[in-house]
Structure formats: C-alpha cells, structure tokens
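S.K.: I would like the atomic coordinates for the input below:
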Amino acid sequence: MELFDIIKTILFGIVEGITEWLPISSTGHMILLNEILPLKIGDSPKEFYSMFEVVIQLGAIMAVVILFWSQIWPFGKKNNNAPLKENGIGAWIKTDIFALWFHILVSTVPAAVIGILFDDVFEKLFYNYETVAIMLIIFGIAFIIVETRHKGKEYRIDSLKEIGYDTALLIGMFQLIAAVFPGTSRSGATIVGALLIGVSRTVAAEYTFFLAIPVMFGASILKLFKFGFHFTGTEAFILILGMVVAFVVSLFVIKFLMGYIKKHNFIVFGWYRIVLGVIVLGCGIAGLL
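M.R.: Numbering: from 1, shown residues only. Prediction:
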C-alpha cells in the first residue's frame, strides 16, 4: 500500500459522502472517479473495487442512523406519540415508526428482487461511462421538468405518516431504475418519483434517507458475500478508511441538504447533472475515459 492509495481512498470517501445524498448519483461519480484515479488494491483489484464502491456506502448510511435516530428507532417511552398500549411493554412500542418501516420494506422489494437476480448482469452491461452520462442527463432533465411543473402546487402528502403502501411501492419502482442504471441516482430516482405522485420535497428527501438504510445494508452484505469476507490487512484498512471518511462527510452533507430544500428546489442539481453528463460524453468521445 502506498501513500497515494490512502489519498485516493480519502477522495473516494469524500465523493461518496457528498454524492450519496445529493440527487446526482454516487455510483456514477464513483465510476467516473475510478476511471480517472483507479483504485487498485489487492491481488484482484477489479473484484475488490466492485465490493468497495458498494460497501463504502455503509459509512454514509451510519450518518443517517445517527442524525435521525429518534425518528427511526421504534422503541422507547420518550416522544412516543402512538404507543401500542398505554401501559406495560406496549407503552415502549412506537407504532407509527413500525408503520414507517413496514412501508420502507415494501419500497425495497422491487430493487431487492431484481438486484439479487441480475446484479452481475447489470454491472457488466451498464457500469460504464456511457450509461452514467446518459442517465445523468435524462434525470437532470426530469428534475427540471418535475420541479417546474410542481412550482406553487400543494402536495398531497406532507408527512411521513401519510405515505401508504401504494405510495411506498410506487417509490420502490422508481428506485428500481437506479438499481439497474448507474448515473440515475438512487436518491434522485426516489425523489423524482415521490414528487410526481404528490409527496412534498422535504418528506421525499427524508423517506429517501430512511429507505437507503435497508437498501444499502442489503447491497453491501450481498457484495461482501460475493467477495468472500477474506481481506488482507491492506484491503481491510482501505475499506474502513473509505467508510469512515464517507460517514464524516455525510454528517455535514445531510444537514446541508435538509436546510437547503426548505428554501430551494432541486433544479440546480438537474442542471449540474446535465452539464456533467455532457462533459463525460465529450471526454469519452475524445478518448479521455
């Protein structure tokens, strides 16, 4: 392991921590970064990186768990607005948070089923700069159109409690697009889908954060199983370093995004995606990627 490998790992962690939560595609940015600064670790660099780019997201996910703990932990008497019972063990159970997790699980089903069955196929077919660039542009345009059409309109769903199983399944179908095509952005796809079906911007973002917990945890476990859980000291260090950096950066990015969307829409991210997509296509055509 060289010093440059550590620097590259820190850079990957920073990129993951920023792009995982902004609707600009973390996987797309990681693929592009690896095209420019390939992370070659261990005896099988391709296999390691395939696992690394997914498992590093666990660091980012832990930031959500820390920041939103009171909103996602379904046990405790404090701030229990919907206890199962007034007394006894039932007073410790938060039925509203359990309902939220049931809805989130429904949202994970489409991507989970397709991901388990066809993960390797999609990675071979679509994990390249061409797909990333095209999906960056397509969903960039989608953000601009959706936000422009919804300007000034009232939202049908303005709290997490109002999300039903039908809405949860529809959001899950949009997430499926991101599971297949890198560059789409998991958060971007779910937010666009949520906005289209009448979910407010703030609720869409929060639901996307919570949805990431089981999705990314499941994807990471799948990748670890495929990799084999056999790490050299260097591989373990690089993976843990990337996760820690992604965690720290995510703490700041999530706080920024939640404050940003209270006053602004997502159009700026749409334009960013379009510009980046065009640049990537141009670099590819010029033979720079």
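S.K.: low-confidence regions, the stretch 101-250 of the chain specifically.
M.R.: Within the stretch 101-250 of the chain, no range satisfies pLDDT under 70.
S.K.: so who does the closest residue to Asn128 other than its chain neighbours touch?
M.R.: Computed as C-beta to C-beta, 6 or more residues apart in numbering, the closest residue to Asn128 that is not its neighbour in sequence is Ile31, at 7.5 Å. Any C-beta I mention is one placed from the backbone N, CA and C, and that applies to glycine too. Shown in contact with Ile31 (C-beta atoms under 8 Å, 6 or more residues apart in numbering): Glu53, Tyr127, Asn128, Tyr129, Val132, Pro182, Gly183.
S.K.: quick check: closest non-adjacent residue to the first one.
M.R.: Pointing back at Glu53 there. Going by C-beta to C-beta, 6+ apart, Glu53 has Met30 as its nearest residue, at 4.8 Å.
S.K.: ditto for the fifth one
M.R.: In space, not counting the residues next to it along the chain, Val132 is nearest to Gly183; the distance is 3.5 Å by C-beta to C-beta, 6+ apart.
S.K.: you'd agree that neighbour is up against Ile24?
M.R.: No - using C-beta atoms under 8 Å, Gly183 is not in contact with Ile24, being 9.4 Å away.
S.K.: residues shared between the contacts of the two?
M.R.: By C-beta under 8 Å, 6+ apart, Gly183 and Ile24 have these common neighbours: Leu136.
S.K.: who's more crowded, these two?
M.R.: Gly183 (31 against 24; other C-beta atoms under 10 Å).
S.K.: for that one, helix, strand, or coil?
M.R.: Three-state assignment for Gly183 (DSSP: H, G, I helix; E, B strand; the rest coil): coil.
S.K.: any idea how far it is from Ala111?
M.R.: 16 Å (C-beta to C-beta, to the nearest Å).
S.K.: where do the helices of the stretch 101-250 of the chain begin and end?
M.R.: Assigned helices in the stretch 101-250 of the chain, in chain order: 129-149, 165-180, 186-196, 201-227, 233-260 (criterion: DSSP state H, counting those that start in this stretch).
S.K.: turn those into TSV, columns for mean neighbour count and distance to Glu2.
M.R.: Shown next, in TSV, are the helices of the stretch 101-250 of the chain (neighbours: other C-beta atoms under 10 Å; distance: least, C-beta to C-beta, whole Å):
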stretch	mean neighbour count	distance to Glu2
helix 129-149	20	26
helix 165-180	20	34
helix 186-196	25	32
helix 201-227	19	22
helix 233-260	18	10
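S.K.: for those helices, which one sits closest to Ile66?
M.R.: With C-beta to C-beta, the closest approach to Ile66 among the helices of the stretch 101-250 of the chain belongs to helix 233-260: 7.2 Å.
S.K.: what residues sit buried inside the helix or strand that the closest one is followed by?
M.R.: Later in the chain than helix 233-260, the nearest helix or strand by DSSP states H and E is helix 267-285. Within helix 267-285, the residues that count as buried by 16 or more other C-beta atoms under 10 Å are Ile267, Phe269, Gly270, Tyr272, Arg273, Ile274, Leu276, Gly277, Val280, Leu281, Cys283, Gly284.
S.K.: remind me what helix 267-285 packs against, helices and strands.
M.R.: helix 129-149 (3 or more C-beta pairs under 8 Å, 6 or more residues apart in numbering; DSSP states H and E).
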